[in-house]
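S.K.: Structure for the following, please:
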Amino acid sequence: MEEAISTKTQLLYGTHAVLAALKNPERQHKKLWLSPKTAESLASILPKTLRPQVVKPDFFKSKLGENVVHQGLLLETTPLPLLSLNTLLEKFPEGPYIALDQVTDPQNGGALLRSARALGATAIILTQRHSFDPLSPILAKNASGALESLPLCQVTNLSQCLQNLDKAGFETIGLSEEGAPLDKTSFTPQQTCLVMGAEGKGLRKLTRERVHGLYRLPTSGSFGTLNVSVATALSLYIIGKQ
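M.R.: All right, here's what the predicted structure looks like:
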């Protein structure tokens with residue numbers, strides 16, 4: 001009989017995502033499934049408190065579907081908490097933060113988390129609706145472990161969130177191709193929140209009106225559009241170097 005997976009847990013797959021989660025004390029791990037080859041290669045580094053189940057390749061297909069690059073690891077674990085804005089400001093009072101305006105693709109979201117973590121972002125702010133699922137295993141896989149050390153804050157209304165950040169002393173910077181040059185303006189990273197829109201449509205009208213200013217990256221005028229994770233990485237790098 002096939003084992004059921006609890007709705008109160010999260011599935012993670014892939015080497016980096018699973019191994020990072022196994023080291024996170026904030027999670028409570030339920031089950032770990034490994035292919036025979038992976039079980040042999042990781043035997044010396046797996047936690048002794050969690051006994052993995054060694055399964056055949058067809059097991060992963062039954063749980064994840066075809067064409068999923070699972071690398072022979074699947075973990076059922078408890079989700080990480082999603083912070084409120086008040087909790088974020090209390091626990092992590094210094095930025096840079098990154099607020100996402102309707103970024104829905106979990107692959108882009110995961111790549112963005114990975115870039116943000118590598119370049120010193122403090123936290124990611126996303127909305128409850130019209131955003132990627134923070135529990136998506138695709139998100140965790142593409143984040144390559146960053147999900148374990150980069151807090152996620154979830155808000156109901158991005159416009160109100162930006163107003164509250166303003167009251168808390170943060171400067172909100174919207175990325176837009178028609179904005180002022182980002183590399184020609186000085187910011188204080190600890191008091192900055194980058195606001196990134198979805199690829200294609202960019203920031204919504206109300207979001208544009210709420211941020212302190214709109215800025216663009218120093219890209220070629222003939223080809224200015226970048227993947228949102230790349231745009232985030234470049235923006236963080238520029239702000240950090242000023």
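
S.K.: pull the helix or strand with minimum mean pLDDT from the chain.
M.R.: helix 57-64 (a mean of 89; mean pLDDT, DSSP states H and E).

S.K.: Using the three-state scheme, assign the residue nearest to Arg216 when sequence neighbours are not counted.
M.R.: Leaving aside its sequence neighbours, Arg216 sits nearest to Gly179 (CB to CB, 6 or more residues apart in numbering; 4.4 Å). The way it works is simple: take the backbone N, C-alpha and C, and place the C-beta from them, glycine included. What DSSP: H, G, I helix; E, B strand; the rest coil gives for Gly179 is strand.

S.K.: OK, contacts around Gly179?
M.R.: Counting by CB atoms under 8 Å, 6 or more residues apart in numbering, Gly179 touches 213-216.

S.K.: let's go with 6 Å and repeat that
M.R.: Contacts for Gly179 were tallied using CB atoms under 6 Å, 6 or more residues apart in numbering; they are 214-216.

S.K.: Buried residues, the least confident helix or strand of the chain. List them.
M.R.: 59-60, 63 (16 or more other CB atoms under 10 Å).

S.K.: So Asp183 is in contact with Gly240, correct?
M.R.: No - look at Asp183 against Gly240 with CB atoms under 6 Å: they stay out of range, at 11.7 Å.

S.K.: Show residues contacting the helix or strand that the least confident helix or strand of the chain is followed by.
M.R.: Note on helix 57-64: by DSSP states H and E, the next helix or strand toward the C-terminus is strand 73-77. The contact list for strand 73-77 (CB under 6 Å, 6+ apart) reads 5, 9-13, 18, 21, 27, 29-34, 38.

S.K.: One more: stretch 127-142?
M.R.: 10-14, 17, 79, 102, 104, 106-107, 109-111, 147, 152, 154-156, 158.

S.K.: name the helices or strands packed onto the stretch of helix or strand Glu40 belongs to?
M.R.: Taking DSSP H and E as the criterion, Glu40 maps to helix 36-42. With contacts taken as 3 or more CB pairs under 6 Å, 6 or more residues apart in numbering; DSSP states H and E, helix 36-42 sits against no other helix or strand.

S.K.: pLDDT on the following helix or strand past that helix, on average?
M.R.: Next along the chain after helix 36-42, taking DSSP H and E as the criterion, comes strand 53-54. Average pLDDT, strand 53-54: 92.

S.K.: Would you list the strands that strand 53-54 pairs with, along with their directions?
M.R.: strand 29-34 (parallel) (DSSP bridges).

S.K.: What are the buried residues along the partner strand?
M.R.: 29, 31-34.

S.K.: same check, this time on stretch 121-141
M.R.: Buried residues in stretch 121-141 (16+ other CB under 10 Å): 121-127, 131-132, 134-141.

S.K.: C-alpha coordinates for that stretch, CSV please?
M.R.: What follows is stretch 121-141, C-alpha atoms only, in CSV (Å, rounded to 0.1, in the frame of the first residue of the first chain):
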residue,chain,number,x,y,z
ALA,A,121,19.5,40.1,1.0
THR,A,122,17.9,39.8,4.5
ALA,A,123,14.5,38.6,3.5
ILE,A,124,11.9,38.1,0.7
ILE,A,125,8.4,39.7,1.0
LEU,A,126,5.7,38.2,-1.1
THR,A,127,1.9,38.4,-1.2
GLN,A,128,-0.6,35.7,-0.2
ARG,A,129,-2.3,35.9,-3.7
HIS,A,130,-0.7,36.2,-7.1
SER,A,131,2.7,34.9,-6.0
PHE,A,132,4.6,31.6,-6.2
ASP,A,133,3.7,29.0,-3.6
PRO,A,134,6.3,29.2,-0.8
LEU,A,135,5.8,25.4,-0.2
SER,A,136,6.5,24.5,-3.8
PRO,A,137,9.2,21.8,-4.1
ILE,A,138,10.1,23.4,-7.5
LEU,A,139,10.9,26.6,-5.6
ALA,A,140,13.0,24.8,-3.1
LYS,A,141,14.9,22.8,-5.8
